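> Build me a model:
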Amino acid sequence: MSDHTPSFDTSWLREGQGRPPELKWAFYGDDAVVSMALSRESGDVFVCDASSTLYRLSRAGKIVAVTHPRSPLTQLAWSEDGQWGYGIDSDKTVVRFDRNLQVDWEFESHDDILCLATSPFGHHVIATHSDATNVVLNERKRKIARFETVRPLQYVKFCGAEPVLFGAAENGLLCCHNLVGAQLWQERVWSNVGSMSVTGAGDIIYLANFSHGVQAFDGDGRSLGAYVLEGTVDRISASYEPYRLIATTVEQFIYWLDSDGDLIWSSGTPTGVVDIACDPLGDWVLIALQSGEVIKLEW
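Down below sits the predicted model:
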């Protein structure tokens, strides 16, 4: 079901610090949210829940398409225009979907998949693995690259402006490779990483570094400094242009920041957060909650 009225008390949106957002819509499917992806150009939202139901929602939060994968997809990655997407099925299988959520092909991997990322138009997908090998496939399921990193890449993102991708391990590694797997640069990271976000042109890479806050790096891996937040930062999402950041903490707080790291709004959440996504211009965010809802907040 899709509804504009959430099942929880929304007073927490107004009880925090700074300028509170407006709740634009709330969506609740059949079960708890497992994974979520935003197509930033089309505004489509893709949600998979624990009952193994995959939804495509419109920009207004309405259900447009539904399908039922064999098992809940533990991670989703979708093209910016919403035309093609990928999911991890049963830990070792990459599934490619079209815009109507029909399966285009499946690829059985050799080891457990840690992370998926797709290029802006969905023509390439990378799957990283627990044995530190990484595989890049094209839209015809052809393997165009296979390369290894010194540590398994837990997080990976394609650059929106150049044919390169950025990866980070849970600890000790931040790197950049081209589409055939050649390493362009590699840097040590001296703290654990909870998530990674990259601006559209790859100008800034943000890492959620738990007790070390949010660390920022430029597109060549040089440190730009850190934003220290109260709490243990476990998720980060940036707008396409470097305007806004949304971060969450283990202690169930959300922070809405400008590009300088200054606070615009923060509040505690009524339940834990499963995933977050920031829109391209930094006007609104999506938050998937452990209660099973996906909400859109706008400033």
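> residues in contact with the closest residue to residue 33 other than its chain neighbours?
Nearest residue to residue 33 in three dimensions, chain neighbours excluded: residue 288, at 4.4 Å (Cβ to Cβ, 6 or more residues apart in numbering). The way it works is simple: take the backbone N, C-alpha and C, and place the C-beta from them, glycine included. Counting by Cβ atoms under 8 Å, 6 or more residues apart in numbering, residue 288 touches 33, 36, 47, 273, 274, 275, 276, 294.
> again, but for residue 219
159, 176, 201, 202, 203, 204, 205.
> how about 6 Å then?
Going by Cβ atoms under 6 Å, 6 or more residues apart in numbering, residue 219 touches 202, 203.
> what does residue 245 give?
Neighbours of residue 245 in contact, by Cβ under 6 Å, 6+ apart: 238, 257.
> one step back: ok now the helix or strand where the residue nearest to residue 33 lies, how far from the chain's centre?
Here residue 288 sits within strand 284-289, counting by DSSP states H and E. Average the C-alpha atoms of strand 284-289, do the same for its chain, and the two points are 11 Å apart (Cα atoms, centre = their mean, to the nearest Å).
> Pull out the buried residues from it.
284, 285, 286, 287, 288, 289 (16 or more other Cβ atoms under 10 Å).
> who does it pair up with?
strand 273-278 (antiparallel), strand 293-298 (antiparallel) (DSSP bridges).
> Quick one: neighbours of residue 82, just the number.
The local packing of residue 82 (other Cβ atoms under 10 Å) involves 22 other residues.
> try the one 10 residues further on
Here the count is done by other Cβ under 10 Å, and residue 92 has 15 residues near it.
> Please apply the same query to residue 104.
Neighbours around residue 104, by other Cβ under 10 Å: 15.
> sorry, back to before: need the buried residues of strand 284-289 in a markdown table (columns: distance to residue 59 and pLDDT).
Shown next, in a markdown table, are these (distance: Cβ to Cβ, whole Å; pLDDT from 0 to 100):
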| residue | distance to residue 59 | pLDDT |
| --- | --- | --- |
| 284 | 10 | 98 |
| 285 | 14 | 98 |
| 286 | 11 | 98 |
| 287 | 16 | 98 |
| 288 | 16 | 97 |
| 289 | 20 | 95 |
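> Return the member of the residues you listed nearest to residue 258.
residue 285 (13.6 Å; Cβ to Cβ).
> hang on, the closest one packs against residue 244?
No. Assessed by Cβ atoms under 6 Å, residue 285 is found out of contact with residue 244, at 8.2 Å.
> where do the contact lists of those two overlap?
residue 278.
> Dihedrals phi and psi, residue 211?
According to degrees, to the nearest 10, the main-chain angles of residue 211 amount to phi -70, psi -10.
> Can you give me the distance of it to residue 232?
Per Cβ to Cβ, to the nearest Å, residue 211 is found 5 Å from residue 232.
> Look at the two and report which has more neighbours.
Neighbours were counted for residue 211 and for residue 232 using other Cβ under 10 Å; residue 232 has more, 17 against 13.
> and the closest residue to the more buried one other than its chain neighbours, how many neighbours does it have?
Spatial nearest neighbour of residue 232, excluding adjacent residues (Cβ to Cβ, 6+ apart): residue 250 at 4.1 Å. Residue 250 has 15 neighbours, counted by other Cβ under 10 Å.
> Kindly report the same for residue 229.
21.
> Have a look at this structure and report the helix or strand with the lowest mean pLDDT.
strand 2-3 (a mean of 50; mean pLDDT, DSSP states H and E).
> and after that strand, which helix or strand comes next?
Next in line after strand 2-3, if elements are assigned by DSSP H and E, sits strand 17-18.
> strands paired with that next one, and their directions?
Strand 17-18 has these strand partners (DSSP bridges): strand 263-268 (antiparallel).
> Give me the contacts around the strand it pairs with.
12, 16, 17, 18, 19, 20, 252, 253, 254, 255, 256.
> so where's the stretch 101-250 of the chain shaky on pLDDT?
Scanning the stretch 101-250 of the chain for pLDDT under 70 picks out no residues.
> Just to check, residue 43 is in contact with residue 58?
No. Counting by Cβ under 6 Å, residue 43 sits too far from residue 58 to count as a contact (7.4 Å).
> Just give the closest residue to residue 286, not the sequence neighbours.
Nearest one to residue 286, counting by Cβ to Cβ, 6+ apart, is residue 277 at 4.4 Å.
> Which positions within stretch 49-68 qualify as buried?
With the criterion 16+ other Cβ under 10 Å, stretch 49-68 contains buried residues 49, 52, 53, 54, 55, 56, 57, 59, 61, 64, 65.
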